[in-house]
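**Q** Turn this into a structure:
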Amino acid sequence: MRTFIAILAVVSLCGALRSAETSLVVKGKEDFSGSIAKVKNIPGGVGFSNGTGYIHLITKKKLAIDPKKKYLLSFEHRLVSGAENSCRFYVAPVCYDSKGRIISCESQNVVLGTDSVLAAPVKKGDKVVKVKDCSKWSLKYGAIAFGTKKDLSDLPNMACFRLTGLKKSENCWEVTLRVPVTRDYPAGTAVRNHRDGAAYRYVAGLIRPGKEWKKISCTIQGILREGLPGFTSSWRVGTAQAGVIIFPGTGKADVEVRNLSVSEVK
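**A** So this is what the prediction gives:
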């Protein structure tokens with residue numbers, strides 16, 4: 001699921017705050033972007049079949065989020081009539097910031113106790129940066145965040161870059177990045193280790209549809225960063241608006257989803 005972010009970031013930038021709504025209701029495939037060719041309308045929703053390939057559906061509209069309020073994500077699901085398969089699928093909220101950018105897991109999945117500073121200036125386009133101390137950093141699923149604050153007020157930190165290498169040198173650490181940095185950073189810039197994780201917060205879990213309609217409802221409330229108790233049923237730090245994504249897991253999926261909505265709980 002982590003690879004989905006790159007695809008969906010392009011979609012998210014096409015509709016910023018001006019497209020945010022006070023409620024989000026899906027009536028048919030016209031309400032989605034993504035793998036529309038594999039979607040058909042049904043009464044009150046959509047049916048989709050992925051064959052054996054990957055598909056994703058993401059709502060075009062975004063719901064304006066007030067972190068002080070509680071929201072209900074609700075939908076019904078079943079197998080397409082006559083289908084016989086056991087593929088599971090995901091339904092999850094997508095968190096956007098005020099600029100319409102998807103808020104990733106790594107932007108706030110902090111590895112505590114890893115605050116450090118750049119040991120040398122970094123130029124735009126560099127893929128190797130020098131950090132004073134990375135002795136507590138994690139390379140696996142690891143990332144470096146630039147311009148950090150010890151009180152975590154920099155979250156969500158969008159200046160995160162995935163790591164491919166950590167090497168201790170005589171006076172510092174050499175950190176190799178998957179992609180080049182996109183701007184200059186002076187020596188002494190505060191940095192921190194972050195980790196990647198689940199692309200979304202799967203409040204509805206991994207769903208296995210049956211032959212009969214089944215309703216799922218779950219609440220989302222408050223703002224929590226990754227890893228804190230109850231974070232999976234909250235919005236990510238920095239969430240200003242939200243949408244919904246649907247995609248199947250591995251295997252063949254023939255699924256119908258109807259009455260999908262996200263709305264404020266009065």
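**Q** Residues touching stretch 128-147, excluding its own?
**A** Here stretch 128-147 makes contact (C-beta atoms under 8 Å, 6 or more residues apart in numbering) with 106-107, 111, 113-114, 116-120, 122, 154, 157, 159-163, 165-166, 168-169, 172-177, 181, 185, 189-197. Any C-beta I mention is one placed from the backbone N, CA and C, and that applies to glycine too.
**Q** Sort out for me which of the residues you listed are in strands.
**A** Among the contacts of stretch 128-147, DSSP state E puts 116-117, 160-163, 165-166, 168, 173-177, 190-195 in strands.
**Q** Can you turn the buried part of these into a ChimeraX selection?
**A** The ChimeraX command for the buried members of those (criterion: 16 or more other C-beta atoms under 10 Å) is given here:
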select :116,160,161,162,163,166,173,174,175,177,190,191,192,193,194,195
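**Q** in the sheet, who's paired with Ser261?
**A** Val25, Ser74 (DSSP bridges).
**Q** can you check Leu79 too?
**A** Beta-bridge partners, per DSSP bridges, of Leu79: Val255.
**Q** Compute the distance between it and Pro209, please.
**A** Look at Leu79 and Pro209: by C-beta to C-beta, to the nearest Å, they are 5 Å apart.
**Q** Please identify which of these two sits among more neighbours.
**A** The neighbour comparison of Leu79 against Pro209 (other C-beta atoms under 10 Å) goes to Pro209, with 24 against 20.
**Q** And the more buried one, how close does it get to Val94?
**A** Taking C-beta to C-beta, one finds Pro209 at 21 Å from Val94.
**Q** returning to that earlier point: can you pull the residues that touch both of Leu79 and Pro209?
**A** Common neighbours of Leu79 and Pro209 (C-beta under 8 Å, 6+ apart) are Val255, Glu256.
**Q** can you pull the buried residues of stretch 27-44?
**A** Lys29, Asp31, Phe32, Ser33, Gly34, Ser35, Lys38, Val39, Ile42, Gly44.
**Q** Single out whichever of those has the smallest pLDDT.
**A** pLDDT across the buried residues of stretch 27-44 is lowest for Lys38, at 83.
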